[in-house]
Structure formats: C-alpha cells, structure tokens
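1. here's my sequence, what's the structure:
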Amino acid sequence: MPLSDVTVRITTNRPAGTVGFGKPLIVGELAGGFPYTEYSDLQTLAADFNDTTEVYAKAEALLAQENRPEKFAVAAFDPASTVAGAITTAADLVESLLSKDWYFLIVTEDDLIDLADIAAVVEGSNATGVPKLFSAQVAAAADLAGLGTGDRTFVAVHPDAEHIDAAIVGAVGSREVGSVTWQGKTLVGITSQDLSPAEVTAIEDANGYAYVTKAGDDVTSEGKVLSGEYIDVMHGKDWVKANIEHTVQKIKNQAGKIPYTDGGIATLEAGVLSVLKRGFNQGIIAGDEANNPLFQTNFKSRAETSEEDRALRRYTGGAFSFELAGAIHEAEITGSISY
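-> Here you go, the predicted structure:
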C-alpha cells in the first residue's frame, strides 16, 4: 500500500429495528436461571448468552430479518436447580412472566410434552388480561396433534437445525398490525423444504405451516394458529383490545375527572372510536362498497345506567363491534379460450 497519513475505517450499520405491537420473548435454559432482561442487539446479548447457546441462535434468527423488532427480551430457567422455589420448567417460567411487556413467545425447548405445557400456559393468557402468542416448531406433521387446538399457538414443521419459529416473528411480528398476513413470507436464513403437495396438505390440515417454494420464491405456506384461525386475526384482535384499554386509560389520566354525564360518557366513546378508525386505516377492520368502515359503538347514556353503578363510579354500558377485513390466501380463477 502507498504511504498515507489518512486511515479510513468502515463499519456496516444495520438499520434500527421496527417498533411494532408485540415484543418477542425468548425463553431458554441457563445454570442458575436468568431474570427477564431486554436487549436490542446480539452484542449485548452475548455478554449473558454466548454465540454457542440456543438462546443466541434464536435471537440471531430473529434479528436477521428485514423487519426485525427494535427490542427483544430473554429469560431462562435452570432445570437442574435444587434451590427451594426455583423455576425449573419453561412453562412455569412463562407463566411467571405473563404480566411482563412481551407478546410473542419463542422457546429453545423441543420436547413435545414441554411444548404442549408451554402452549397451555399461553392459551390461558387471554383470561388473565394479558394475551400472548406462541411461535413454535416441530420436526414432523404428526407432532402437531400433540400441541392442542388453541387460538394462541402457531407452529412450523421444519428441521430444528434452523430457527424458523424465531425467524417468522422477526419478519412479521413488528410489521404494522393489519397490513400483512403470515402466509407467503420470505425468511432470511431459512431453507425451503422439498415437500410434496400431499405433505404440505397434511401440515396445513393440522393448522401448521411449512417453508416451501412457490412461483420461484421461498415462502411460508400458511398463517394459522392451531385452532384454524388466522394469526393476523388474533394479532389484530389483541391490538384492538390493547389499544382501546391504553387509549381510554390515557384519557382518564389526562382528564383529571371524567364526569358521570352524557358528555363524560361521550369522551370514553370518542377514545374507542379513535382506535377503531386506526384499525380500519391499518387494514384490520373491513370497509363497505364505498370504503366506509364497518364498525359501530353503542354507549348507554347516563339515564340508562343504574343508580348502583353511578354510586360506585362504574360505567359498564359501552360496547363496540366491527367486521374483520381478512385477506385472500387462495384464489380460483376461471378462464376461457375462443377460436
């Protein structure tokens, strides 16, 4: 090289992750356990979980995606612990963390019984008021039946050498809710499987998904939870619930006082309407032929509430409904040829 007084150093910066509805949580194993901790990159994670661990491998697959999350969380249990009160299973650890600020669960466990126990905890999360979704993977279509038929678990059939369960959350989980489905998504670092149509059908009939090649592109074959509902529907429902709760709470926090009058009730209704309008704009809620949003609210007036509720400062007369926009996952097109 020629002599020079100038040194140039170039580093490659990855763009910032996406802030979406749903922080991922990776649950793994570690001697002594590990408390719930949030990270934004692999370098920081490596100080606690080095690059030979399964937790690191899941995080690497998560962050390799184009729309990866801005932050993710990690926690670990010690299956060999003999300390009194220590958490020794993934299911128990997940249950203890349901109140934390995460939404998508990814685990390093691959035992079917353990996965079923974890799925059962996540299925019960909605009843606790903190709904979650569980992204899992199994080795064969026959394994899907052992994980139940719940609304909150979605499962890939894929070799465990690749972490498709983390990759799909990284690719889709932080996208704007309502703007995407989970079918037909290309995942960085995941290898398309050479499956026959019958094999793909067997997986999809059990409400799992595979990673296959369609029209020359490597993509996820379907996007359903084990009950047969679509993942984006569950994600959208949870988004609406969480945002209405957050919006109405903010209104209460900032108002100082919301009077128990028709005007005060209208303030609550306005908060709900604002979320429903956002849901329509994002593609969660359907529109009619004129593209008018298909949602409605019905909030009882003060006169329609009971004396007991008014005395307790409790309002239970608000209701809303909407039609889901859904998405097209299959198409059948008929053509004709004339001479």
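2. which strands and helices sit next to the lengthiest helix in the chain?
-> Taking DSSP state H as the criterion, the chain has its longest helix at helix 231-255. Identification of packing neighbours for helix 231-255 by 3 or more CB pairs under 8 Å, 6 or more residues apart in numbering; DSSP states H and E yields strand 133-138, helix 262-282. C-betas here are computed from N, CA, C, even on glycine.
3. just give me how far the first one sits from the chain centre.
-> If you compare the mean C-alpha spot of strand 133-138 with that of the full chain, they lie 10 Å apart, counting by CA atoms, centre = their mean, to the nearest Å.
4. who's in contact with whichever helix or strand comes after that strand?
-> Next helix or strand after strand 133-138 toward the C-terminus (DSSP states H and E): strand 153-157. With CB atoms under 8 Å, 6 or more residues apart in numbering as the test, strand 153-157 has contacts from 119, 122-123, 133-141, 143-144, 147, 164-165, 168, 182, 203, 207-211, 220, 223-226, 231.
5. just the helices in the chain please.
-> For the chain, the helices defined by DSSP H cover 42-46, 54-63, 90-96, 112-123, 164-172, 197-205, 231-255, 262-282, 307-312.
6. among those, which is the most enclosed?
-> Each of the helices of the chain was assessed for mean neighbour count using mean count of other CB atoms under 10 Å. The highest is helix 164-172, with a mean of 29.
7. alpha carbons of it, as CSV, please.
-> Extracted in CSV, the C-alpha atoms of helix 164-172 (Å, rounded to 0.1, in the frame of the first residue of the first chain):
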residue,chain,number,x,y,z
ILE,A,164,-38.0,-20.7,11.8
ASP,A,165,-40.0,-20.1,14.9
ALA,A,166,-37.8,-17.0,15.7
ALA,A,167,-37.4,-16.0,12.0
ILE,A,168,-41.1,-15.6,11.3
VAL,A,169,-41.6,-13.4,14.4
GLY,A,170,-38.7,-11.3,13.3
ALA,A,171,-40.1,-11.0,9.7
VAL,A,172,-43.7,-10.3,10.5
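8. hmm, who's touching it?
-> 22, 24, 26, 58-59, 61-69, 104, 106-107, 135-137, 156, 158, 180, 182, 185-190, 211, 220.
9. so how far is it from its chain's centroid?
-> Mean C-alpha position of helix 164-172 versus that of the full chain (CA atoms, centre = their mean) differs by 10 Å.
10. stretch 243-256 too?
-> Worked out by CA atoms, centre = their mean, stretch 243-256 lies 24 Å from the chain centre.
11. contact partners of that stretch?
-> Defining contact as CB under 8 Å, 6+ apart, one finds that stretch 243-256 is touched by 258, 267-268, 271-272, 274-275, 278-279, 320.
12. just the buried residues of the contacts of strand 153-157.
-> Neighbour-count burial (16 or more other CB atoms under 10 Å) applied to the contacts of strand 153-157 gives 119, 122-123, 133-138, 141, 143-144, 147, 164-165, 168, 182, 203, 207-211, 220, 223-226, 231.
13. what is the mean pLDDT for stretch 311-326?
-> For stretch 311-326, mean pLDDT is 89.
14. what of stretch 220-231?
-> 95.
15. how far does it stretch from one end to the other?
-> 13 Å (CA to CA, to the nearest Å).
16. ok, residues contacting that stretch?
-> Residues contacting stretch 220-231 (CB under 8 Å, 6+ apart): 119, 133, 144, 147-156, 168, 181-185, 187, 200, 203-204, 206-212, 214, 232, 234, 326-327, 329.
17. ok, stretch 120-135 next?
-> Contacts for stretch 120-135 (CB under 8 Å, 6+ apart): 22, 91, 94-95, 98-99, 102-107, 118-119, 148, 150-156, 165-166, 168-169, 225, 231, 234-235, 238, 241.
18. so what's the nearest residue to Val74 once chain neighbours are set aside bridging to?
-> Excluding the flanking residues, the one nearest Val74 by CB to CB, 6 or more residues apart in numbering is Ile26, at 4.9 Å. Ile26 has these beta-bridge partners by DSSP bridges: Val74, Ile106.
19. Ile26 and Pro69 touch, don't they?
-> No. Taking contacts as CB atoms under 8 Å, Ile26 lies outside contact range of Pro69: 11.3 Å.
20. who's more crowded, these two?
-> Ile26 (29 against 23; other CB atoms under 10 Å).
21. and the gap between the more buried one and Lys241?
-> Plainly put, Ile26 is 24 Å away from Lys241 if you go by CB to CB, to the nearest Å.
22. would you convert the helices of the chain into JSON lines that also reports distance to Gly129?
-> Converted to JSON lines, these look like this (distance: least, CB to CB, whole Å):
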{"stretch": "helix 42-46", "distance to Gly129": "30"}
{"stretch": "helix 54-63", "distance to Gly129": "26"}
{"stretch": "helix 90-96", "distance to Gly129": "14"}
{"stretch": "helix 112-123", "distance to Gly129": "14"}
{"stretch": "helix 164-172", "distance to Gly129": "22"}
{"stretch": "helix 197-205", "distance to Gly129": "32"}
{"stretch": "helix 231-255", "distance to Gly129": "9"}
{"stretch": "helix 262-282", "distance to Gly129": "17"}
{"stretch": "helix 307-312", "distance to Gly129": "20"}
